[in-house]
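Engineer: Below are the sequence and a predicted model for it; my questions follow.
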Amino acid sequence: MKRESSVTCPRCGQAEVLAMPMDACVVVYDCPACGMRLTPKPGDCCVFCSYGDAPCPPVQAQGCGCANPL
């Protein structure tokens, strides 16, 4: 199971490797380069599933969304 994901901003292309919580989803992420606020795309549970190179650990483990958004 991957515990880190590289989140890429769709506006400016800035990528940042972040540690993912093991038991929750991150639903808001602010790009450090341009300030764009990222939220999950429709159908995704978190920013890692929408903008990361790996889905969040709850999805990796169960293949479904997370009930504990951060």
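Structural biologist: Alright, I've got the coordinates.
Engineer: OK, contacts around the nearest residue to residue 1 once chain neighbours are set aside?
Structural biologist: Take residue 1 and drop its neighbours on the chain: the residue closest to it by CB to CB, 6 or more residues apart in numbering is residue 60, 5.2 Å away. C-beta coordinates here come from the backbone N, C-alpha and C atoms, glycine included. Counting by CB atoms under 8 Å, 6 or more residues apart in numbering, residue 60 touches 1, 2, 54.
Engineer: didn't residue 40 look like it was pressed against residue 50?
Structural biologist: Yes - using CB atoms under 8 Å, residue 40 makes contact with residue 50 at a distance of 4.9 Å.
Engineer: quick revisit: now the contacts of residue 60: which count as buried?
Structural biologist: residue 54 (16 or more other CB atoms under 10 Å).
Engineer: average model confidence for stretch 15-25?
Structural biologist: For stretch 15-25, the mean per-residue pLDDT is 93.
Engineer: Quote the end-to-end distance of it.
Structural biologist: One end of stretch 15-25 sits 19 Å from the other (CA to CA, to the nearest Å).
Engineer: Please spell out which residues along that stretch are buried.
Structural biologist: Quick answer for stretch 15-25 (16+ other CB under 10 Å): 18, 20, 21, 24, 25.
Engineer: coming back round to it: nearest to residue 33, of the contacts of residue 60?
Structural biologist: Set against residue 33, the nearest of the contacts of residue 60 by CB to CB is residue 54 (20.8 Å).
Engineer: I'd guessed that closest one sits against residue 8; true?
Structural biologist: No - in this structure residue 54 lies outside contact range of residue 8 using CB under 8 Å: 11.9 Å.
Engineer: Sketch out the low-pLDDT regions of the chain for me.
Structural biologist: 63-70 (pLDDT under 70).
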